[in-house]
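S.K.: Using only what follows, build the 3D model:
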Amino acid sequence: MGPDRSLLEAGKGRANNFDALRVALALMVIFSHSYPLLLGSNDREPLSLATGGQRTAGEIAVDGFFLISGFLIALSWQRSRGLADYLRRRVLRIYPGFLVAVAFCSLVVGPLLAPDVGVYWKRFDVSRFLILAFKLEGALTPGLDTNGSLWSIRYEFFCYLAIAGMGLIGMLRRRPLVAMAALACSAIHARQLLFDYQMPGSRLSWLWCYPGFWPRLAACFLAGSSFYLYSDRVVLSTRWAIAAAARMAAAAALPSTRAFALLIPWLGGYLLFYLAFFPAGRLRDIARRGDLTYGLYLYAFPVQVLLVHWFKPHLNPIGLFFAATAVTAVLAALSWHLVERPCLRLKSPRPPAPHAVGASPALPAEGVPAS
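M.R.: A predicted model of the protein is given here:
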């Protein structure tokens, strides 16, 4: 990679691999889901086997998405004109693609899978469908699970709101506080893994999502934001990247320690941002004709469910992965060109320069939701 340099220095140019990384993470989700959807469990999922059941490839990919999102959304807040501009951009990025995807699941995939289409439509409640969609809870498909990937989108959007809150109270200008919050979330996650700690629920759990997932996801998101805020101090070094990879490999090989998942926000985050600025040639142009990442994440699961429903005796997990990827890529391209890109054009233009709240590498600010 050349001489060591800070993350801030690496981010001063427009050359980065974030788009390629997000596509790779989306493909990891499709690959990982191919095993339980076809075989009924993760017992033969390669990453689950490699880590002794600590993480599947899909779970690692979701963590990676939250890390990248935390980094880019902190930057997005810094570059926004204010709260209204920031929220407008986030809503336009999340909602249009999501709403069309849940309509596809409820109005197309559900009836195709339903044993009795008449009963399906009798149980279909339009008002509940709209409520679930606008709350980012997923698709209404009575008696069926057509899209098990959508659960993370709501967590993602709450993370966007958290960044806005931290920005408004000045917390993003006090980067040690953000890093401490990330470490606190990691500590709670460690307690969950090591001591079977159960997050307390509340009467508002229906609003704040399932509490048990928050420590893991918040640790990744806030770690990503911390990498951004400390980009002037984070040194990208090949030696350190190799050391981080070695430590994670050791943790994967020792599942009894349950350490692998706990290292993802920090050592995994370091590796992710190291790769984001590794010279990658044409990979950097992967989204030149369209960013398919969100669409790949939104549509892969229902496509896989349909393929399993129609062709299960003729499929194996690898075959399902390739078939689903091919079909989903078409839907993702349609989503980008017909839904996402037209809506993103409604955003107001960026100000000439970001207002200073910390380090400011010149990176694309529009992160793709976690997948």
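
S.K.: From the contact counts, what lies against the host helix or strand of residue 130?
M.R.: Assigned by DSSP states H and E, residue 130 belongs to helix 126-134. Secondary-structure packing of helix 126-134 (3 or more CB pairs under 8 Å, 6 or more residues apart in numbering; DSSP states H and E): helix 83-104. (Glycine included, C-beta is placed from N, CA and C.)

S.K.: Just the buried positions in the helix it packs on, please.
M.R.: 85-86, 89-90, 92-98, 100-102, 104 (16 or more other CB atoms under 10 Å).

S.K.: Repeat that for stretch 7-22.
M.R.: Neighbour-count burial for stretch 7-22, counted by 16+ other CB under 10 Å, picks out 7, 8, 10, 11, 16, 17, 18, 19, 20, 21, 22.

S.K.: can you give me the angle the helix holding residue 130 makes with helix 83-104?
M.R.: With axes from the mean of the first three to the mean of the last three CA atoms, to 10 degrees applied, the angle from helix 126-134 to helix 83-104 works out at 130 degrees.

S.K.: which outside residues touch the next helix or strand after helix 126-134?
M.R.: Using DSSP H and E, the helix or strand that follows helix 126-134 towards the C-terminus is helix 151-168. The contact list for helix 151-168 (CB atoms under 8 Å, 6 or more residues apart in numbering) reads 62, 65-66, 69-70, 73-74, 77, 83, 86-87, 90, 94, 98, 135-138, 171-172, 178, 208-209, 213-214, 217-218, 221, 225, 357, 369-371.

S.K.: again, only using 7 Å
M.R.: With contacts defined as CB atoms under 7 Å, 6 or more residues apart in numbering, helix 151-168 is touched by 62, 69, 73-74, 77, 83, 86-87, 90, 94, 98, 136-138, 172, 178, 209, 213, 217, 221, 225, 369-371.

S.K.: Show me just the buried residues among those.
M.R.: 62, 69, 73-74, 77, 86, 90, 94, 98, 136-138, 172, 178, 209, 213, 217, 221, 225, 369-371.

S.K.: what about the residue lying closest to residue 181 once chain neighbours are set aside, how many neighbours?
M.R.: Leaving aside its chain neighbours, residue 181 sits nearest to residue 222 (5.4 Å; criterion: CB to CB, 6 or more residues apart in numbering). Counted by other CB atoms under 10 Å, the residues lying close to residue 222 total 29.

S.K.: Check residue 27 too.
M.R.: 19.

S.K.: And residue 56, by the same measure?
M.R.: 24.

S.K.: hmm, back to that, tell me which helix or strand the residue nearest to residue 181 sits in.
M.R.: Going by DSSP H and E, residue 222 is in helix 214-229.

S.K.: How much space separates residue 153 from residue 203?
M.R.: 23 Å (CB to CB, to the nearest Å).

S.K.: now residue 22, nearest residue through space, not along the chain?
M.R.: Take residue 22 and drop its neighbours on the chain: the residue closest to it by CB to CB, 6+ apart is residue 293, 4.3 Å away.

S.K.: So that neighbour sits against residue 27, correct?
M.R.: No - using CB atoms under 7 Å, residue 293 is not in contact with residue 27; the gap is 9.7 Å.

S.K.: residues in contact with the helix or strand hosting residue 111?
M.R.: Here residue 111, judged by DSSP H and E, is contained in helix 110-113. Here helix 110-113 makes contact (CB under 7 Å, 6+ apart) with 117, 120, 141, 144, 146, 305, 306, 309.

S.K.: ok, so of those residues, who is nearest residue 339?
M.R.: Using CB to CB, residue 146 comes nearest to residue 339 of those, at 18.7 Å.

S.K.: burial count for the closest one?
M.R.: If we define neighbours as other CB under 10 Å, then residue 146 has 22 of them.

S.K.: Let me see the contact set for it.
M.R.: Taking CB under 7 Å, 6+ apart, one finds 105, 109, 110, 113, 139, 302, 305 in contact with residue 146.

S.K.: could those be laid out in TSV, adding neighbour count, pLDDT and distance to residue 250?
M.R.: Compiled in TSV, the contacts of residue 146 are given as follows (neighbours: other CB atoms under 10 Å; pLDDT from 0 to 100; distance: CB to CB, whole Å):
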residue	neighbour count	pLDDT	distance to residue 250
105	26	96	41
109	22	96	42
110	23	95	45
113	21	95	43
139	23	92	41
302	29	97	38
305	23	97	37
